[in-house]
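1. for reference, the sequence and a predicted model appear below.
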Amino acid sequence: MRIKPISIVAFLLTLVAVLLVWVGFWVPRWYVLLRSGGDIKHWYGLWHQQRCSSRGCGETSSFTRIEGGKEFFFISKVFYSLAAVLVLLAFGLHVLYALWRKARVRQVAIYMLCGAGLFGLLSMLIFVARYDQMVEYKGQDVELGYSFTLSLLGSLFCLLASAFTAWASYKKATFNEDDEDDCKEITHEMQPGDMD
């Protein structure tokens, strides 16, 4: 059993996607609200908030709070949470595939990576379309944070990892590079009359 370079690239892309998606998921920097004077900043992540002023910073949780007029942010949270779970499961399947070389395992990983990328991008598309409504009162500015950028990159890496995993699977099946159960050749037993 020899591991092909394309499979290694697919695995590494999946690993990078997991890291980017989960950092974007946990770090409260999807967007920031700034007071016009700049002395108070309020950072929002998907599930956490952090408020900083001249007296220090404090973190609060906004786990399931749905505010009026900001329902789109909750929808973004749900979609991106699905993306985070799917990419983690896909990574687990990549590891399982390295140990137990079944084509079906890799196929499910491809679908999960693609789903994670699409859910992530849909989440961000919904958020970007309406994020200017996140302002709580006049005199505040809203800006996208670096977690949003990491989340976007993570979603794109999910799609890229899905494509490379599919390419690795295609190459393996096409060039008969499969192990025992992945791509069995059909053999024909010769009968005594076949040579005539």
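-> Yes, it's here.

2. ok but residue 33 is inside a helix, no?
-> No: assigned with DSSP: H, G, I helix; E, B strand; the rest coil, residue 33 falls outside any helix and is strand.

3. pLDDT wise, what is the spatially closest residue to residue 105 that is not a sequence neighbour at?
-> The shortest distance from residue 105 to any non-neighbouring residue, by Cβ to Cβ, 6 or more residues apart in numbering, is to residue 97 (4.6 Å). C-beta here means a position set from N, CA and C on the backbone, and glycine is covered the same way. Residue 97 carries a pLDDT value of 87.

4. next: residue 20.
-> Residue 20 is given a pLDDT of 96.

5. what's the answer for the one 3 residues further on, then?
-> Looking at residue 23, its pLDDT stands at 93.

6. for this protein, name the helix or strand with the lowest mean pLDDT.
-> strand 56-61 (a mean of 67; mean pLDDT, DSSP states H and E).

7. ok now whatever helix or strand comes next after that strand, how far from the chain's centre?
-> Elements were assigned by DSSP states H and E; along the chain past strand 56-61, the next helix or strand is helix 71-99. Distance of helix 71-99 from its chain centroid, counting by Cα atoms, centre = their mean, to the nearest Å, is 6 Å.

8. angle of helix 71-99 against strand 31-35?
-> 140 degrees (axes from the mean of the first three to the mean of the last three Cα atoms, to 10 degrees).
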